[in-house]
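A.B. asks: turn this into a structure:
(one chain, ligands or ions: 1)
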Amino acid sequence: MAVPPKILTNSDLEKMVDTSDEWIQVRTGIRERHILNDNEVISTYAFLAAKEALDKANLQGEDLNLIICATLTPDYLMPSLAILLQKELSAVNAGAFDLSATCSGFIYALVIADQFIRSHPDWKILVVGAEALSRKTNWEDRTTCVLFGDGAGAVIVTGSKEEERGIIDFILGADGSNWPLLTLKGGGSAYFPFDERLPKDEYYIKMQGREVFKIAVRMMEKLASEILERNNLKPQDLALLIPHQANMRIIEYLREKLELPPERVFINIQRYGNTSAASIPIALYEAEREGRIKKGDIVLLVAFGGGFTFASVLLRW
Ligand code: ACO
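C.D. replies: Model (predicted):
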């Protein structure tokens with residue numbers, strides 16, 4: 001993983017909008033978030049995360065067969081973030097594309113990688129979740145600007161001779177019926193560049209938080225319960241649950257519903273905020289580094305985000 005060094009604390013935000021450290025911590029669990037400096041780009045951090053993943057796997061860029069980047073905020077719409085990584089990593093043998101599935105993007109990308117591995121077990125696939133949400137944040141809107149952060153995480157997916165290991169099951173889902181609750185309209189093709197029909201605040205993420213919250217808690221619980229049930233597992237069989245880090249209260253609700261003790265649920269939202277597609281790979285990296293997941297452990301990843309999209313992956317580490 002890699003995050004920009006610049007940290008924006010809740011007390012910094014108190015000077016920018018009408019908010020308080022207490023409100024942010026009680027309502028979201030967030031204390032601080034990392035954000036890009038004005039002259040930085042997120043591909044820098046996606047590259048650092050990808051390079052570290054390659055080094056840990058003892059691989060070079062040229063060993064990669066595919067690069068998938070889950071992101072809502074690539075440096076450019078063209079070329080994609082995956083292409084920029086292909087160049088920087090000299091991944092001359094790899095195909096490369098970006099995937100847009102908001103906060104569920106990393107799990108979507110992981111599942112796609114898994115499908116390729118099942119037909120080409122010797123392939124090495126780089127899966128990245130990278131996000132520069134600070135660039136799409138309206139810093140005058142207190143209802144959203146306290147939530148988001150920037151960062152990147154990466155994994156290498158490949159075949160294993162140990163048959164038990166890897167992805168056991170997944171759920172990918174979507175529900176477009178409520179899409180107006182969480183939007184980023186500017187920059188797409190519905191409007192011309194600098195279109196006067198589009199209000200300026202539509203160039204930033206807009207969210208009806210309370211409504212999204214209600215759907216998020218329900219969906220996160222449904223995703224986790226369904227995938228466990230159909231694999232004849234109980235929550236207690238999980239070594240670790242790694243949920244998307246959108247709001248501490250959503251995570252706590254999920255933990256209580258599953259009756260899991262705090263040490264079985266990974267939480268780092270206090271330090272990063274919501275980094276959308278980067279949140280799960282960053283959490284996965286830190287969980288492994290802290291020794292909270294070991295070889296053979298059963299781990300559940302669950303995410304929900306704009307669209308709406310939702311996804312879960314059950315895996316044996
Ligand atoms: N500081 C102080 N007060 C605030 C702030 C703030 N930063 N933001 C809102 N308030 C006020 C509101 O104006 C409101 O005041 P009112 O009662 O006088 O109207 C009050 O606090 C409560 O506002 P709510 O929106 O009801 O607060 P809530 O408890 O729902 O928390 C939050 C808001 C944190 C956004 C929550 O709704 C949430 O986490 N939603 C879900 C987020 C999510 O899961 N998103 C999906 C992934 S994101 C993606 O895909 C990019």
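
A.B. asks: get me the contact residues on this structure for the ligand.
C.D. replies: Proximity of the chain to the ligand, by CB under 6 Å from any ligand atom, involves residues 19, 23, 27-28, 102-103, 142-143, 146, 182, 205, 209-210, 212-213, 216, 246-247, 250, 274, 276, 305-306. C-beta here means a position set from N, CA and C on the backbone, and glycine is covered the same way.

A.B. asks: is it true that A70 touches F106?
C.D. replies: Yes - assessed by CB atoms under 8 Å, A70 is found in contact with F106 at 4.8 Å.

A.B. asks: identify the residues contacting E14.
C.D. replies: S20, D21 (CB atoms under 8 Å, 6 or more residues apart in numbering).

A.B. asks: again but with W139, I slipped
C.D. replies: With CB under 8 Å, 6+ apart, W139 has these contacts: M16, V17, C145.

A.B. asks: ok, 10 Å please
C.D. replies: By CB atoms under 10 Å, 6 or more residues apart in numbering, the contact set of W139 is L8, L13, M16, V17, C145, Y204.

A.B. asks: burial count for G296?
C.D. replies: G296 has 11 neighbours, counted by other CB atoms under 10 Å.

A.B. asks: and the contacts of W139, which of them are in strands?
C.D. replies: Among the contacts of W139, DSSP state E puts L8 in strands.

A.B. asks: for V127, name its beta-bridge partners.
C.D. replies: I68, V155 (DSSP bridges).

A.B. asks: for F97, same thing?
C.D. replies: I68.

A.B. asks: now, among the contacts of W139, which is nearest to A57?
C.D. replies: Ranked by distance to A57 (CB to CB), the contacts of W139 are led by L8 at 32.5 Å.

A.B. asks: now the closest one: how far from L147?
C.D. replies: 12 Å (CB to CB, to the nearest Å).

A.B. asks: name the residues contacting each of those two.
C.D. replies: Counting by CB under 10 Å, 6+ apart, the shared contacts of L8 and L147 are R33, G273.

A.B. asks: can you list the buried residues in stretch 72-81?
C.D. replies: Residues of stretch 72-81 classed as buried by neighbour count (16 or more other CB atoms under 10 Å): L72, T73, P74, D75, S80, L81.

A.B. asks: would you map the strands across this structure?
C.D. replies: Applying DSSP E to the chain gives strands spanning 7-9, 32-34, 66-70, 95-99, 124-132, 150-158, 166-174, 182-183, 206-207, 240-243, 298-305, 309-316.

A.B. asks: what about the helices in the protein?
C.D. replies: Per DSSP state H, the chain carries helices over the ranges 10-14, 21-28, 42-56, 81-88, 105-119, 142-145, 209-229, 248-258, 269-272, 279-289.

A.B. asks: could I get those as JSON lines with distance to N65 and mean pLDDT?
C.D. replies: Shown next, in JSON lines, are the helices of the chain (distance: least, CB to CB, whole Å; pLDDT from 0 to 100):
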{"stretch": "helix 10-14", "distance to N65": "43", "mean pLDDT": "98"}
{"stretch": "helix 21-28", "distance to N65": "39", "mean pLDDT": "98"}
{"stretch": "helix 42-56", "distance to N65": "13", "mean pLDDT": "98"}
{"stretch": "helix 81-88", "distance to N65": "11", "mean pLDDT": "98"}
{"stretch": "helix 105-119", "distance to N65": "8", "mean pLDDT": "98"}
{"stretch": "helix 142-145", "distance to N65": "38", "mean pLDDT": "98"}
{"stretch": "helix 209-229", "distance to N65": "28", "mean pLDDT": "97"}
{"stretch": "helix 248-258", "distance to N65": "35", "mean pLDDT": "98"}
{"stretch": "helix 269-272", "distance to N65": "30", "mean pLDDT": "98"}
{"stretch": "helix 279-289", "distance to N65": "19", "mean pLDDT": "98"}
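
A.B. asks: center of the chain - which residue?
C.D. replies: A277 (2.3 Å; CA atoms, centre = their mean).

A.B. asks: hmm, back to that, among the strands of the chain, which is the most enclosed?
C.D. replies: Sort the strands of the chain by mean neighbour count, taking mean count of other CB atoms under 10 Å, and strand 124-132 sits at the top with a mean of 30.

A.B. asks: same for that one, what does it pack against?
C.D. replies: In terms of contacts (3 or more CB pairs under 10 Å, 6 or more residues apart in numbering; DSSP states H and E), strand 124-132 is packed against helix 42-56, strand 66-70, helix 81-88, strand 95-99, helix 105-119, strand 150-158, helix 279-289.

A.B. asks: what's the angle from that strand to strand 66-70?
C.D. replies: With axes from the mean of the first three to the mean of the last three CA atoms, to 10 degrees defining the directions, strand 124-132 sits at 20 degrees from strand 66-70.

A.B. asks: quickly note the distance from E62 to F310.
C.D. replies: To F310, E62 is 36 Å away according to CB to CB.

A.B. asks: then A109?
C.D. replies: Counting by CB to CB, the gap from A109 to F310 is 15 Å.
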